[in-house]
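Undergrad: Sequence and predicted model, in that order:
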Amino acid sequence: LGSVMDRVSQTLLVDRLAIFVEAPEVPGQMRLARSMGVRVNEILDLSFLEPARPEFARGALFFESPRATRGVGDSVRRTLEVLDLNYFVPCRIREHTVAVLGLGKTVDGDFLSSDDVELVQTIAGYVAVALDNAQLYSSLEQKALEIARLKDFSENIVESLNVGVLAVDLGGIVESWNTRMEQLFGVSRQEAVGRQLSSLLPPELAGEITRRGDEEQITGIYKQRLQHQGKALTLNVSITPLVSKSGERIGRLLLFDDVTHRRRRS
């Protein structure tokens, strides 16, 4: 918006400009987004910038003397006096007004020529495209941030669990491996992700999990005893099919609960 105002100001020798954009919370209602040479210290009534105005359909809204405008309410007249702008040109894309470009007279006190107004109308079309793209980018960026926050939240939950959690794809390749898995099997996440699960677990446990690979329901391995890296472990393992939103099976989720000490106490 700042670039647009600088370019218009230099091209048309206009030192009073403003850009009004659609308020996101109230579609069709405009708010002052950027200005040059316009000082505003009060709430403005911008209802006169209603996109459905017949003047906008003809190309622009013109006030010869904002301070002597008739046929408008007192609050709108006060707004026009504060802004002291003569031209209001809609910025449209796909028949939708996303902004309004406001301009005053030239620095010499002259009104714009018809050629000048046509140029502003052309520029307004480019402004509409740029604003639409910027809003789309902002929306996508916000969604990406939201997804990242949800991902971090989910990972924090998984890391807080006192059970080993891993996910494998249909080929048995590890896609996630939490801290508890690192502690149980002495393999870091960096080493585990991307490798075959069978190469990371003791053979007897890997074989038992493989035999249950085609199960369509949740299944479990109860009190599996094994020796690993010089220590005796007793594990309960829960195996759950992972499915996509469309119901397609995409892998398995495995939970490893170390019950070694519980077995000893019993």
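TA: That came through, no problem. Numbers count the residues shown, from 1 in each chain.
Undergrad: longest helix of the chain?
TA: helix 114-160 (DSSP state H).
Undergrad: going on from that one, what's the next piece of helix or strand?
TA: Sequence order places strand 164-169 as the next helix or strand after helix 114-160, per DSSP states H and E.
Undergrad: one step back: which secondary structure elements does the longest helix of the chain contact?
TA: Helix 114-160 is packed against helix 2-12, strand 87-93, strand 96-103, with contacts defined by 3 or more Cβ pairs under 8 Å, 6 or more residues apart in numbering; DSSP states H and E. Just so you know, the C-beta spots here come from the backbone N, C-alpha and C atoms, and that holds for glycine as well.
Undergrad: Tell me the gap between it and the middle of its chain.
TA: Distance, stretch centre to chain centre, for helix 114-160: 7 Å (Cα atoms, centre = their mean, to the nearest Å).
Undergrad: Over that helix, what's the mean pLDDT, rounded is fine.
TA: Average pLDDT, helix 114-160: 84.
Undergrad: do stretch 2-20 as well
TA: pLDDT averaged over stretch 2-20 gives 89.
Undergrad: Now do it: everything it contacts.
TA: Here stretch 2-20 makes contact (Cβ atoms under 8 Å, 6 or more residues apart in numbering) with 1, 30-38, 46, 49, 83-85, 99-108, 112, 116, 119-120, 123, 127, 130.
Undergrad: in that stretch, what counts as buried?
TA: V4, M5, V8, S9, L12, V14, R16, L17, A18, I19, F20 (16 or more other Cβ atoms under 10 Å).
Undergrad: Tell me which two in those are the farthest apart.
TA: L12 and F20 (18.3 Å; Cβ to Cβ).
Undergrad: Give me the distance between V38 and L32.
TA: For V38, the distance to L32 equals 8 Å [Cβ to Cβ, to the nearest Å].
Undergrad: mind checking the longest strand of the chain?
TA: Taking DSSP state E as the criterion, the chain has its longest strand at strand 231-243.
Undergrad: my read: L32 touches V40, true?
TA: Yes - counting by Cβ atoms under 8 Å, V40 is a contact partner of L32 at 6.5 Å.
Undergrad: Those two: who's more crowded?
TA: The neighbour comparison of L32 against V40 (other Cβ atoms under 10 Å) goes to L32, with 17 against 12.
Undergrad: distance of the more buried one from T97?
TA: Counting by Cβ to Cβ - L32 and T97 are separated by 15 Å.
Undergrad: How about Q183?
TA: 60 Å.
Undergrad: Neighbour count: the two, which is higher?
TA: With neighbours defined as other Cβ under 10 Å, Q183 and T97 compare such that T97 has more, 22 against 11.
Undergrad: Tell me, what's the model's pLDDT at the closest residue to the more buried one other than its chain neighbours?
TA: Excluding the flanking residues, the one nearest T97 by Cβ to Cβ, 6 or more residues apart in numbering is P51, at 3.9 Å. Note on P51: pLDDT of 76.
Undergrad: Count the neighbours of P51 for me.
TA: 18.
Undergrad: element containing it, please.
TA: Judged by DSSP H and E, P51 forms part of no helix or strand.
Undergrad: so how far is Q29 from it?
TA: From P51 to Q29 the distance is 9 Å (Cβ to Cβ).
Undergrad: swap in A167?
TA: 47 Å.
Undergrad: Settle it for me: which of these two has more neighbours?
TA: A167 (20 against 15).
Undergrad: My read is that that one contacts I250, right?
TA: No - the pair A167 / I250 is not scored as a contact, 9.4 Å apart, by Cβ under 8 Å.
Undergrad: what is in contact with those two at once?
TA: In contact with both A167 and I250: L242, using Cβ under 8 Å, 6+ apart.
Undergrad: which regions of the chain sit below the pLDDT cut-off?
TA: 26-28, 66-68, 71, 262-266 (pLDDT under 70).
Undergrad: V38 reaches D84, doesn't it?
TA: Yes - the pair V38 and D84 qualifies as a contact (Cβ under 8 Å) at a distance of 7.3 Å.
Undergrad: quick one, what contacts the spatially closest residue to G59 that is not a sequence neighbour?
TA: Computed as Cβ to Cβ, 6+ apart, the closest residue to G59 that is not its neighbour in sequence is Q121, at 5.8 Å. Residues near Q121 by Cβ under 8 Å, 6+ apart: G59, A60, V89.
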